[in-house]
Every structure is written in structure tokens, then in C-alpha cells.
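A.B. asks: Take this sequence and fold it.
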Amino acid sequence: MSTVIPTQADHVGSTNRAQPAPASQGADMIVFNANIFTGNLAQPEASAFAVRNGRIYAVGADEEILGLKGSATQMIDAGAHRVIPGINDAHMHLLNETSYTYNVRWDGVPTLRLALTMLKEQAERTPEGHWVKVIGGWSPYQFEEKRFPTMEELREAVPNRPLHVQYAYNRIFLNDLAIEAYGAGTSRFPDIQVIEFEKDDKGNYTGFVSGDTFGFLALESLVPQPDLDEQLSALIYTIHNLNRFGVTSIFDCGSRGYPAAHVTAEMLMRENRFNLRMSFVDMQFGSAGMIDAEISAITKASPMSPGQNLNPSVAHGHVFRGAKALEAEVHDHENFDRPAVILDPERIHFHVEQDIAKLVKRRIPFRMHISYNENITPFLDALEKMNETTPLDGLKWSIEHAETITPDNIIRVKKLGGGIALDPKMALHGDAFIKTYGREKALDTPRLRALVDSGVPLAMTTDAFRVTTYNPWVAMSWMVTGQSVSSTEVLGEHNRLSRVEAIHLFTKGAAWFTDAQAEMGRIAPGNLADFVVLDRDYFSVPENEIKHVTSLLTVLDGRVVFGAGDYSALATALPEILPIWSPIKYYGGYHGAK
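C.D. replies: Numbering: from 1, shown residues only. Next up is the predicted model:
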């Protein structure tokens, strides 16, 4: 058993570290007896390191680092466990999870039988006036049964409350009470043109709903919404579950816009309880277009500059990183159950010339959602043309997702100074991709080996919480084993990564997207003190265990933010979950992790 010897009851927060402690007091924290993956090529392995003022300042052998102990040093015995740099998820949608504690999470649930039991139990405790909901993070291919629930099973599980079960942005399952509550087919239902309630040949609603990203989000907004205290609870527990998997930094890649979507985050930041570093791109909506609305918002309504840290008490604590260059007409909604959405090239050119050029002139970084190569090609054509008259000149930009990008277009992205942020949709939905496009194409989707070998700035992300799970180890498993959550081969052996390459995409690779290459992604002197003690050795466990890796201890900015097992006493106790009937209270945010 490992031992933990905390010598101070309440470790000093980053807001109180303005004056460095005298050298005679030694380190703030020392981690020893560890099996450390440093991510530092010059010193790839070590057994101990010391932290002071939120940064790592010495790495080496136990006998060397233990000499830096002072009277107030917090000592962490890693018990020979594997220690890695904190996970950095460079594309997710954290601030959209205002209803996290309202939802049943099917992430990692192994059988459909258990998933349906969870719904049945939750229906019995959900009060009148509220819904039973499952919103993303799961795949039918993860279940032992390898199938979707039937409408009959869902109606039987939840007969007394409206039920809304969402699978990615592909389909929604509604029981009769939910269809009635939405007012489908009546004047009560808003004009959401992209939403279609399926009917059988007799004109009766089947319970299946199709649509796209924006339609599904609009539909979700029509159900009962949490109050401010519940939203705050949702954010606390969302972050807690990210910390459980070793996530210490995230990039919120589009939410309801600043400042509205950031209210609860800023409340926690003021109390030093926001246990992540967060960068974000803003996404405003307006009748004149999203780009114009964005420029107006950040120059007039909420003035801020790209790279500005809105929480300067923590390095990279709350940083505005630019705009999500997204207009509805140039969003190629990825749904592997259907053929690719091919956009009008002229519309893409117009968007680049009229909208993205405005961002470039103002030196506002941007991230562009494009999944399919058929749309990446005209986008790069337009960007290369724009670059001739409105040079990017080193401005940071990236393509998000890029599932089917070709080697030629990878080279073009690199020449233009862009990056590529991938995600593990194929891990959850690769079986559907095979049915739609064939196995041969799936094995090269995405082109992981070519992307890594190209040297283009590259990150793996989760794109949580609706399309995929927020557990980064599912992505890690898929990159290394080539298997989806159903154990189907969806990534060719020639296209897989080593374990070191895979973890780099969640650490050093992700740091490029936050301008933090010199400070994040390594356990090395000068780097920020973000690290994780793992429950098992990611580098040596059998491949089928990679997806089950989790954290025993997560440290952010030199402060413990998550502890389990021998380290549980080091973590600050969480407040009571709201609402009191929350599914998270009973099932946790991930299967087997309450």
C-alpha cells in the first residue's frame, strides 16, 4: 500500500502564492517512489520531483529530490505507481453541461440490460414535472447486446415520466409523454425545421427523431432547465469526473457564448474551486451572422483580446483563444449512420472570404469544424487564396475533427501554419462507419499514422459530451489497439500509434492549441505542476485494460483536486449534489465510478 503524508492541512492555493516562500522552507510538495513518464526526451524517466509555487522545479531520483524537503512540504508517496503529466483535452464542450446532474450517464455501461434498469430506477425517483434523460456519451456498440434499445423497452422502463434518450447527434428516442410534452404536430412546437418526428405508415409517431446538431440542441432547450444552484452543482461534478480520469486542462470549443455561459465557471474561479485550466473559443449568435456577432461581442459588449487570461490567479486559467468559425451553412454534421454531408464549395469560399478574413485582419485565432475531406479541400482552396491578400502570418488556426482528411491536405494545413484536432468518434461509432462506408475505408479513418508522421500540430480530443464520452482513455485505447468499444477492428494495424505517441496527443500535442508548449505536457523543470498518479501502468497493462485506466491522484497547479483510495483524504470534500434526485448521486458520471 502506498502512504500519503500530508504535512499541511490545507495546501496554499495559487491565489496566495504571489510571494515565493524562502528557499530555506523547501518544496511545497514532493512526489517520490514514483514510476514517472516525464514526456521530456532529455530525461524520459524519474522517480521523484519537487513542486514550488505551482511549478515543477526539480526532477530526478528519490535521494536527490527528498533533500529538498522543508518543514511544510507535502509529501506524496506514489507507491511505485505510474505518474504522467496532466491530460489536456483540446476540444470539448464543458460549459454546455448545465444539466449534467439531471442526466443519466450511460458512459461505459457494459450492457443494455443495465442501461434500461438505470432508466427504470431513475423514473421512480424523478419528481413530477421533470424528465428522465440520457444525453450523449454512449454508443449501442458498447453494449454486450450490440444494439439500440427498442421503443417498447424504453416505454416499459419509463412509463410515468417524459423520456428523452439522445444518441450523439444521430437520433433521439422519445416516449409518448415526451412527444406530448414537446407538442409535436401542434402549434406549441417551435419552428425547428431540421427536426423530424418519424411517423409510421398509419401516421402515428414512432418515437424516433432525426435532425442535426443545432436542431438537437434547440430541442433539448425545451425541457425543464436547472436553476443557478443546480447549474453550479452540475459544473462542480462535471469537473470532478474529468479530474477522475486525470484531466487537468480543457479547451471549451463552443458554448452559449461569453459571458452568459461562463457565469458558474467564474463563480468557482473566484473561490479557487474551478479545478481545471480552461481555454475557450467564443461562439456568438446573431441575425447578421456568427462572425459579425462575435466581433461585436468581444470589442463592444465584453471587450477582450485573444490570449487574455480572465483568471490571472492561475496560469492559463481562463483564456480567450478566439472564435469558432462556424456558420450553419458550412457545418458538415457528422453522422456515420448516413453518407457524408457535402457542402457547397461556393458557400465555403464565401465564408472564408467574407467571414474568416475578418477574423484574420483582427488577429483573432479561429477553429473550423470540418469532418470530411470533400469539404476540407474547398476550404483549403479558399484559405490559400485568402492568404495571398490577407496573410495568416502565423495566426493560430485549426481544423476540428478531419476524419477523412487525405495526406495531401494534411501537408496543405501544415504549410498554412494550422493544426488539426482529432477526436475518437470512430471508437464509439466506427461500427456504423463500416456499415456506411465499408471496412477498408474505416481502417484508414482518420489517418493517424500519416498525421503524426507529418509533424502538423496535432491533438487528440474527446469532443465530449454528446457525440463521445469524456473519458480520454477510451480514445487512448482505440489509438493503440485499433478497436472500437465493441472490440471491432476499426483502425488498421498500419495506422495505429504506440502508447507514447498516443499520450503525447493528450499532453504535449494539445499544448500547442493553448500556446503552452513550454509550460504544459511534461513533468519537467519550469512546467506547471499538473500531474496524475494512475491506478495502473498505462505503458505495461494488457491492451484491453487501457480503457479502464483512471486516476488515484490528480494535481492541478500543485494542488490536489482528486483523490481515491489511499489519497482520498487529500481531496476537498464535494458539496451535496443538486438536485437531490440527481442520477449522478446514484450512478456517478461514469459506469463504476460514483
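A.B. asks: Can you check the pLDDT for the residue in the chain sticking out farthest from the centre?
C.D. replies: Using CA atoms, centre = their mean, the residue of the chain lying farthest from its centre is Lys202. It sits 42.2 Å away. At Lys202 the predicted local distance difference test score is 95.
A.B. asks: Show me which helix or strand of the protein is least confident by mean pLDDT.
C.D. replies: When the helices and strands of the chain are scored by mean pLDDT, DSSP states H and E, strand 4-5 comes last with a mean of 44.
A.B. asks: need the next SSE after it, C-terminal direction.
C.D. replies: strand 29-32 (DSSP states H and E).
A.B. asks: So which elements touch that following strand?
C.D. replies: Packing partners of strand 29-32 (3 or more CB pairs under 8 Å, 6 or more residues apart in numbering; DSSP states H and E): strand 48-52, helix 62-65, strand 74-77. Yep, even glycine has a C-beta here, placed from its N, CA and C like the rest.
A.B. asks: ok, and which of these has the densest surroundings?
C.D. replies: Neighbour counts averaged per stretch over the helices and strands packed on strand 29-32 are highest for strand 48-52, at a mean of 25; criterion: mean count of other CB atoms under 10 Å.
A.B. asks: between the helix or strand that comes right after that strand and strand 48-52, how many degrees?
C.D. replies: Scanning forward in sequence from strand 48-52, with DSSP H and E defining helices and strands, the next element found is strand 55-60. In this structure, strand 55-60 runs at an angle of 160 degrees to strand 48-52, with axes from the mean of the first three to the mean of the last three CA atoms, to 10 degrees as the basis.
A.B. asks: pLDDT at Leu112, what is it?
C.D. replies: The pLDDT attached to Leu112 in the predicted structure is 98.
A.B. asks: ugh, typo on my part, it should be Phe197
C.D. replies: Per-residue confidence for Phe197 comes out at a pLDDT of 97.
A.B. asks: could I get the helices and strands packed on strand 29-32 as JSON lines with distance to Ile348 and mean pLDDT?
C.D. replies: As requested, the helices and strands packed on strand 29-32 are exported to JSON lines (distance: least, CB to CB, whole Å; pLDDT from 0 to 100):
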{"stretch": "strand 48-52", "distance to Ile348": "47", "mean pLDDT": "98"}
{"stretch": "helix 62-65", "distance to Ile348": "54", "mean pLDDT": "98"}
{"stretch": "strand 74-77", "distance to Ile348": "51", "mean pLDDT": "98"}
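A.B. asks: Tell me which of these lies nearest to Leu458.
C.D. replies: In terms of CB to CB, the element of the helices and strands packed on strand 29-32 nearest to Leu458 is strand 48-52, at 26.9 Å.
A.B. asks: who's in contact with the closest one?
C.D. replies: Outside strand 48-52, the residues that touch it by CB atoms under 8 Å, 6 or more residues apart in numbering are 20-21, 27-34, 36, 56-62, 64-66, 68, 523, 529, 555, 558.
A.B. asks: What strands line up against it, and which way round?
C.D. replies: strand 29-32 (antiparallel), strand 55-60 (antiparallel) (DSSP bridges).
A.B. asks: right, so these: which one is the most enclosed?
C.D. replies: strand 29-32 (a mean of 24).
A.B. asks: For the following helix or strand past that strand, name the packing helices and strands.
C.D. replies: Sequence-wise, the next helix or strand downstream of strand 29-32 (DSSP H and E) is strand 35-37. Using 3+ CB pairs under 8 Å, 6+ apart as the contact criterion, the elements in contact with strand 35-37 are strand 45-46, strand 82-85.
A.B. asks: Parallel or antiparallel, list what pairs with the shortest one.
C.D. replies: In this case it means strand 45-46. Strand 45-46 sits in its sheet next to strand 35-37 (antiparallel), going by DSSP bridges.
A.B. asks: if you average pLDDT over the strand it pairs with, what comes out?
C.D. replies: The model assigns strand 35-37 a mean pLDDT of 98.
A.B. asks: if we can go back for a sec, nearest to Val314, out of the helices and strands packed on strand 35-37?
C.D. replies: With CB to CB, the closest approach to Val314 among the helices and strands packed on strand 35-37 belongs to strand 82-85: 16.9 Å.
A.B. asks: How far away from the center of its chain is that closest one?
C.D. replies: Its chain's C-alpha centre lies 20 Å from the corresponding centre of strand 82-85 when counted by CA atoms, centre = their mean, to the nearest Å.
A.B. asks: and if you look at stretch 83-90?
C.D. replies: Its chain's average C-alpha position is 12 Å from that of stretch 83-90, according to CA atoms, centre = their mean.
A.B. asks: List the buried residues of that stretch.
C.D. replies: Residues Val83, Ile84, Pro85, Gly86, Ile87, Asn88, Asp89, Ala90 are the ones in stretch 83-90 that count as buried (16 or more other CB atoms under 10 Å).
A.B. asks: residue contacts, the fourth one?
C.D. replies: Residues in contact with Gly86, defined by CB under 8 Å, 6+ apart, are Gly246, Val247, Thr248, Ser249, Thr507, Met520, Asp530, Phe531, Val532, Thr554, Val555, Leu556.
A.B. asks: With the second one instead?
C.D. replies: Residues counted as contacts of Ile84 (CB under 8 Å, 6+ apart) are Ile36, Phe37, Gly39, Gly246, Ile503, Thr507, Ile523, Phe531, Val532, Leu534, Tyr538.
A.B. asks: Looks like the third one contacts Arg522 (just checking).
C.D. replies: Spelled out, it's Gly39. Yes. With contacts counted by CB atoms under 8 Å, Gly39 reaches Arg522, the gap being 4.1 Å.
A.B. asks: more neighbours, the two?
C.D. replies: Taking Gly39 and Arg522 together and counting by other CB atoms under 10 Å, Arg522 has the greater number of neighbours (25 against 21).
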